[in-house]
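Participant: dropping a prediction and its sequence here:
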Amino acid sequence: MQTDSWTGRYTVPSAAVGKKDLQAEQNLYRNSLIGVIGAYWTEQLPVYYVNDAMVSMLGFENEDDLTSTIGGNMINLIYPDDRQRL
């Protein structure tokens with residue numbers, strides 16, 4: 001087990017999770033009615049995943065429109081005064 005540096009929770013390395021489990025998890029996020037966005041924990045928070053529900057919640061037609069508008073970085077979705085809290 002590894003500790004996630006962001007949440008402090010224990011995580012299972014992806015190599016230890018079966019391919020079938022990963023596909024099931026991806027399908028859960030993809031088909032969720034709840035908006036899901038994933039970003040790497042670096043300064044600009046580059047987006048690596050966004051589901052259709054999140055795209056719609058943010059008022060975009062598709063993922064490409066969203067990512068091009070924010071320059072591919074989730075930091076651009078966060079109010080500038082709130083960024084220091086990250």
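Facilitator: Yep, it's here.
Participant: strands of the protein, residue ranges please.
Facilitator: For the chain, applying DSSP state E gives strands covering 2-3, 10-11, 37-39, 47-50.
Participant: buried sites along the third one?
Facilitator: Of the residues in strand 37-39, those buried by neighbour count under the rule 16 or more other Cβ atoms under 10 Å are 37, 39. For every residue, glycine as well, the C-beta is placed using N, CA and C.
Participant: and stretch 57-67, by the same measure?
Facilitator: 60, 66-67.
Participant: the longest helix in the chain is where?
Facilitator: In the chain, taking DSSP state H as the definition, the longest helix is helix 19-30.
Participant: average pLDDT across that helix?
Facilitator: Helix 19-30 carries an average pLDDT of 74.
Participant: and stretch 42-50, by the same measure?
Facilitator: 92.
Participant: one more: stretch 79-86?
Facilitator: Average pLDDT, stretch 79-86: 92.
Participant: just the endpoints, please. Distance across it?
Facilitator: 11 Å (Cα to Cα, to the nearest Å).
Participant: check which residues of that stretch are buried.
Facilitator: Going through stretch 79-86 with 16+ other Cβ under 10 Å, nothing comes out buried.
Participant: same deal with stretch 26-46?
Facilitator: Those would be 29, 37, 39, 45-46, for stretch 26-46 by 16+ other Cβ under 10 Å.
Participant: and which of those residues is nearest Leu86?
Facilitator: Nearest to Leu86 among the buried residues of stretch 26-46: Leu45, at 7.9 Å, using Cβ to Cβ.
Participant: was I right to think the closest one contacts Met74?
Facilitator: Yes: contact criterion Cβ atoms under 8 Å: Leu45 and Met74 qualify, at 3.9 Å.
Participant: please enumerate the shared neighbours of those two.
Facilitator: Both Leu45 and Met74 are in contact with Ala39, where contact means Cβ atoms under 8 Å, 6 or more residues apart in numbering.
Participant: what's next to stretch 39-52, contact-wise?
Facilitator: 5-6, 29-30, 32, 35-38, 63, 66-67, 70, 72-75, 86.
Participant: thanks a lot, see you next time.
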